[in-house]
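Participant: Predicted model and sequence below, questions to follow.
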Amino acid sequence: DIDIKKLVAFHLTHKKLATVTAVQPLGRFGVLKINKKHQAQAFVEKPAGEGDLINGGFFVLNKKIFNYIKGDEMRWEEEPLKALTKEGQLMTYVHHGFWKCMDTLRDKRDLESLWNLPNPPWKIWREKK
């Protein structure tokens, strides 16, 4: 449910070449908290990650970004992002709302099942009547 208008507005305020949306993903597995006697004390289903933020996949870029991309074979996540970071040209827009990756068929199915709910968590726009 990233507010794209706020993301772009943030990008325009700092005058850097790139902004990446940073998100904290859910853990993939449930977590057991156990005591020294191996007795379960708590179970938390898919808690937030260890506190690290990841690339959420939404970017706003200045057209000068093409100076960092040398050919179609260059991986965006390697040379360009690393160079932008080293040069202080990559800012982060931290998003605390709904976010879920779609890297696997399982992810796709999970998102499709959420979409079929009456109020999908990322549908923040209004239908025209």
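Facilitator: That came through, no problem.
Participant: which residues touch stretch 12-26?
Facilitator: Stretch 12-26 has contacts (Cβ atoms under 8 Å, 6 or more residues apart in numbering) with 2, 7, 10-11, 46-49, 51-62, 64-65, 68, 81, 84, 88-96, 99-101. All C-beta spots, glycine's among them, are computed from the backbone N, C-alpha and C.
Participant: again, only this time at 7 Å
Facilitator: For stretch 12-26, contacts defined as Cβ atoms under 7 Å, 6 or more residues apart in numbering pick out 2, 7, 10-11, 46, 48-49, 53-62, 64-65, 84, 89-95, 99, 101.
Participant: which of those residues are buried?
Facilitator: Buried subset of the contacts of stretch 12-26 (neighbour count, 16 or more other Cβ atoms under 10 Å): 2, 7, 10-11, 56, 58-61, 84, 89-91, 93, 95, 99.
Participant: Taking these, tell me the two that lie furthest apart.
Facilitator: Taking Cβ to Cβ, the two most distant members of those are Q89 and W99; they sit 23.7 Å apart.
Participant: what's L90 in contact with, if anything?
Facilitator: Residues near L90 by Cβ under 7 Å, 6+ apart: 16, 18, 20, 81, 84.
Participant: between those residues, which has the most around it?
Facilitator: When neighbours are counted by other Cβ atoms under 10 Å, V20 leads those with 23 neighbours.
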